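A.B. asks: Pasting the sequence and the predicted model now:
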Amino acid sequence: MQRKSIPDETRSEFERECSGLRARLKQLEAIYEKKVDDLPGPFLSHVDVELYRDLLMLAREGLTIVKAYRAYFPALSLYADGMFWFGLFQFINAAGGRFWDDGDQVKIPEDITRELALVLVEISWFSTATGGDIVQRNLEALGSTLLAFGDGKLEEQLRRKARAMRLKRVNQFMDQTLRVVARHRKARGSR
């Protein structure tokens, strides 16, 4: 399949629209990230309600921008946003991992985590359009969110969202994510 060409100004416009989101993500990194010797990150020092509110806000705003460029996908990819989504996926993954692994005692409101998970399913329309590493980062972000905050009710809601999008690749993404989550839960339960 030949991909249609995207004008350079469209790519530049897309990246420029995401630049403010990238800057805000960098601010969160400065507050929450901790360095771990010689290991690729991000690793977070802690998570709190404010972090999850900010992650949800960034994800919603990022999705709104990406949707405005829907007609250009798959010739345009989430990488063209200046790596905003790549970084956001990694940061969400780190936040969920921190919460799940360390059992942080902070209470994150269910409506925030549910909405974040729904955005991560919806953005999969775009991440799966081009494939590659961005799909894996999306899967990891959604998976760690489910491990930290998910239950059968949320998983069913996410499956319905994926099915409503009526796209085989999105349903495959959702199925794969839920398999990975189940595998991690089983492994943790056998410790």
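C.D. replies: Perfect, I can see it now.
A.B. asks: Might you list the low-confidence residue ranges for the protein?
C.D. replies: Where the chain drops to pLDDT under 70, the residues are 1-4, 39-41, 103-104, 190-191.
A.B. asks: Could you point out the longest helix of it?
C.D. replies: The single longest helix within the chain, with elements called by DSSP state H, is helix 8-32.
A.B. asks: List the buried residues in it.
C.D. replies: Going by neighbour count (16 or more other C-beta atoms under 10 Å), the buried part of helix 8-32 is 10-11, 14-15, 17-18, 21-22, 24-25, 28-29, 32. In this view, the C-beta of every residue, glycine as well, is placed from N, C-alpha and C.
A.B. asks: just the residues you listed now: which is nearest residue 53?
C.D. replies: residue 28 (10.8 Å; C-beta to C-beta).
A.B. asks: For the closest one, give me its contacts.
C.D. replies: Residue 28 sits next to 51, 54, 55, 58, 91 when contact means C-beta atoms under 8 Å, 6 or more residues apart in numbering.
A.B. asks: Secondary structure and distance to residue 113 for the residues you listed - can I get that in JSON lines?
C.D. replies: Listed next are the contacts of residue 28 as JSON lines, based on DSSP: H, G, I helix; E, B strand; the rest coil; distance: C-beta to C-beta, whole Å:
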{"residue": "51", "secondary structure": "helix", "distance to residue 113": "12"}
{"residue": "54", "secondary structure": "helix", "distance to residue 113": "13"}
{"residue": "55", "secondary structure": "helix", "distance to residue 113": "10"}
{"residue": "58", "secondary structure": "helix", "distance to residue 113": "15"}
{"residue": "91", "secondary structure": "helix", "distance to residue 113": "15"}
